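*Asks:* Fold the following for me, if possible:
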Amino acid sequence: MNNTLNTIEADDVIPINSPIIGEEEIEAVVKVLRKGPLTNALGAGPMVTQFEEKFANFCNVKHAVAVNTGTAALHSAIVAAGVKYGDEVILPSFTFVATAEAVVLAGGKPVFADIDPVTYNIAPVEIEKNITKKTRAILPVDLYGFSADFEPINEIANTHGLAVVEDAAQAHGATYKGEPAGSFSKAACWSLYASKNITTGEGGVITTDNDETNDLLRLMRTHGEKAKYASLMLGYNYRMSEIQAAIGLAQMRKLHSFANKRRENAKKLTNILAKTDRLQLPQETKDRQHSWYLFTVRIKDSSENERNTLVDQLKKKDIGAEAYYVHPVHMMPYYRDSYGSKKLPETEKASKQVLSLPIHPSVTEEQIDYIGETLLKLL
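*Replies:* Down below sits the predicted model:
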């Protein structure tokens, strides 16, 4: 163990996530800059169109609609699901704030439900508890890249006539019952932010099998226009540029290799950390495979202070550990003041005990050993 610890140089910081940009992406951008177009008024330039086709094929769905951010994807999909002023949308609080923002931007009311303490995803039984006459949609999140449990979620939705919109922002490469994430909802929303499993710098995608939803999303992303200067409905300026799409096309060709490397790193780190019983380790199941966007461990029976101290110690060892969602959305001032205080015990407990470790494709086998052995030593 000591030999491994000594092989990492002090200035060799291992970031929690890192975009992998090669000559292919650079050449693709230069080609767009030289030949154009840089963008398309209706969001349907040649690079965007090709990227949408490849992304739809990857997700095994009919349609992919490229937009400029993951938040734009969420907002558009919530509106397309029919959420209007006063409608309620059930979602987890243990997520990035954009999930709830999208509901508010659509005029809806976010109703926060508690999570499963093992998967950290919204618990179907908690969804049932929060359904009212005003409920319009369910918004599950594939947290850390592990798919929500869509079979019971869809049963609930069908029973009550609700739409399901999936926040798949972190799920590139995840599967549920042998199918890609995004296959089990009315619309799935993806982020292409710089930290994600593939990136366009900023960017997002909505995937759907529903033709009507696809048509509506394409209208919304370009000011409600089906033809230039002929707006048919209220819309937004959510177009993806040709430059972003060119990067995305190059990244799509690498996605399988990226996913395989993340899985390989996750397996190695799991084997190392299994030596201690102080950690709850992330798990895959027969029906659900992880995208391994983040490798998140839980320090059993720990305090928030203990977790925070451990994160600081790891950073001092040049390991870019992070504690995500330490402030659950329902406890943030705007949401607490606007929608009332609420107790979500599993969410609040997890927010004090989890931390994430680097396993992205740039992390080497030697660094995985260093991360694992360092954490064991600190524990």
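*Asks:* following the lengthiest helix in the chain, which helix or strand comes up?
*Replies:* Identified as the longest helix of the chain according to DSSP state H is helix 255-273. Sequence-wise, the next helix or strand downstream of helix 255-273 (DSSP states H and E) is strand 279-280.
*Asks:* Lowest-scoring secondary structure element of the chain by mean pLDDT?
*Replies:* Least confident helix or strand, the chain: helix 2-6 with a mean of 39, by mean pLDDT, DSSP states H and E.
*Asks:* I'd like the next helix or strand past it.
*Replies:* Moving toward the C-terminus from helix 2-6, the next helix or strand (DSSP H and E) is helix 23-35.
*Asks:* Quickly find the element holding Glu126.
*Replies:* Using DSSP H and E, Glu126 falls in helix 124-129.
*Asks:* Please work out which residues outside that helix touch it.
*Replies:* Applying CB atoms under 8 Å, 6 or more residues apart in numbering, the external contacts of helix 124-129 come out as Ile90, Ala113, Asp114, Ile115, Ile138, Asp149, Pro152, Ile153, Ile156. In this view, the C-beta of every residue, glycine as well, is placed from N, C-alpha and C.
*Asks:* So which bits of that helix are buried?
*Replies:* Across helix 124-129, burial judged by 16 or more other CB atoms under 10 Å covers Pro124, Glu126, Ile127.
*Asks:* Need those in TSV (columns: pLDDT and distance to Gly108).
*Replies:* As requested, those are arranged in TSV below (pLDDT from 0 to 100; distance: CB to CB, whole Å):
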residue	pLDDT	distance to Gly108
Pro124	98	20
Glu126	98	18
Ile127	98	16
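*Asks:* so which of these comes closest to Gly173?
*Replies:* Ranking the buried residues of helix 124-129 by separation from Gly173, with CB to CB as the measure, puts Pro124 on top at 23.6 Å.
*Asks:* Need the phi and psi values for the closest residue in space to Arg262 that isn't next to it in sequence.
*Replies:* Using CB to CB, 6 or more residues apart in numbering and skipping the chain neighbours, the partner closest in space to Arg262 is Trp292 (3.8 Å). Phi and psi for Trp292, reported as degrees, to the nearest 10, are phi 60, psi 40.
*Asks:* Trp292 and Leu357 touch, don't they?
*Replies:* No - between Trp292 and Leu357 there is no contact under CB atoms under 8 Å: 10.8 Å.
*Asks:* and the closest residue to Leu42 other than its chain neighbours, what does it touch?
*Replies:* Setting aside the residues directly before and after it, Leu42 is nearest to Thr222 in space (CB to CB, 6+ apart), at 5.0 Å. By CB under 8 Å, 6+ apart, Thr222 lies in contact with Ala41, Leu42, Gly43, Gly235, Asn237, Tyr238, Arg239.
*Asks:* Can you tell me how far the residue nearest to Arg262 is from Ile272?
*Replies:* The spacing between Trp292 and Ile272, counted by CB to CB, to the nearest Å, is 15 Å.
*Asks:* So for those two, which residue has more residues nearby?
*Replies:* Neighbours were tallied for Trp292 and for Ile272 using other CB atoms under 10 Å; the higher tally belongs to Trp292 (31 against 17).
*Asks:* In contact with that one, which residues?
*Replies:* Gly145, Gly173, Ala259, Arg262, Arg263, Asn265, Ala266, Ile359.
*Asks:* go again using 6 Å as the cut-off
*Replies:* Trp292 makes contact with Gly145, Arg262, Arg263, Ala266, Ile359, according to CB atoms under 6 Å, 6 or more residues apart in numbering.
*Asks:* The second one and Ile14: what is the separation?
*Replies:* In this structure, Arg262 and Ile14 are 14 Å apart, going by CB to CB.
*Asks:* Ok, the fourth one next?
*Replies:* Distance of Ala266 to Ile14, given as CB to CB: 15 Å.
*Asks:* Who does the nearest residue to Thr95 once chain neighbours are set aside form a beta bridge with?
*Replies:* Among residues not flanking Thr95 along the chain, Val141 sits closest, at 4.6 Å (CB to CB, 6+ apart). Per DSSP bridges, the residues bridged to Val141 are Asp167.
*Asks:* Val141: how many residues sit nearby?
*Replies:* Residues lying near Val141 (other CB under 10 Å) number 25.
*Asks:* can you pull the contacts of it?
*Replies:* Residues in contact with Val141, defined by CB under 6 Å, 6+ apart, are Pro92, Thr95, Thr99, Asp167.
*Asks:* Show the contacting residues for the last one.
*Replies:* With contact set as CB under 6 Å, 6+ apart, Asp167 has these partners: Thr99, Val141, Cys189.
*Asks:* do the first one as well
*Replies:* When contacts are counted by CB under 6 Å, 6+ apart, Pro92 is found next to Ile115, Ile122, Val141.
*Asks:* Bridged to the second one, which residues?
*Replies:* To tie it back to what came earlier, the one meant is Ile122. Ile115.
*Asks:* Distance check, it against Ala148.
*Replies:* Distance, Ile122 to Ala148, by CB to CB: 6 Å.
*Asks:* any common contacting residues for the two?
*Replies:* Pro140.
*Asks:* Let's see the pLDDT reported for Glu9.
*Replies:* Each residue has a pLDDT score; the one for Glu9 is 44.
*Asks:* please renumber so the chain begins at 799
*Replies:* All set: I'll call the first residue 799, so the last point we hit is now Glu807.
*Asks:* Let me see the ranges of the helices in the stretch 949-1098 of the chain.
*Replies:* Listed in chain order, the helices of the stretch 949-1098 of the chain (DSSP state H, counting those that start in this stretch) span 1009-1018, 1040-1050, 1053-1071.
*Asks:* Deepest in the core, which of those helices is it.
*Replies:* Neighbour counts (mean count of other CB atoms under 10 Å) averaged over each of these peak at helix 1040-1050, with a mean of 24.
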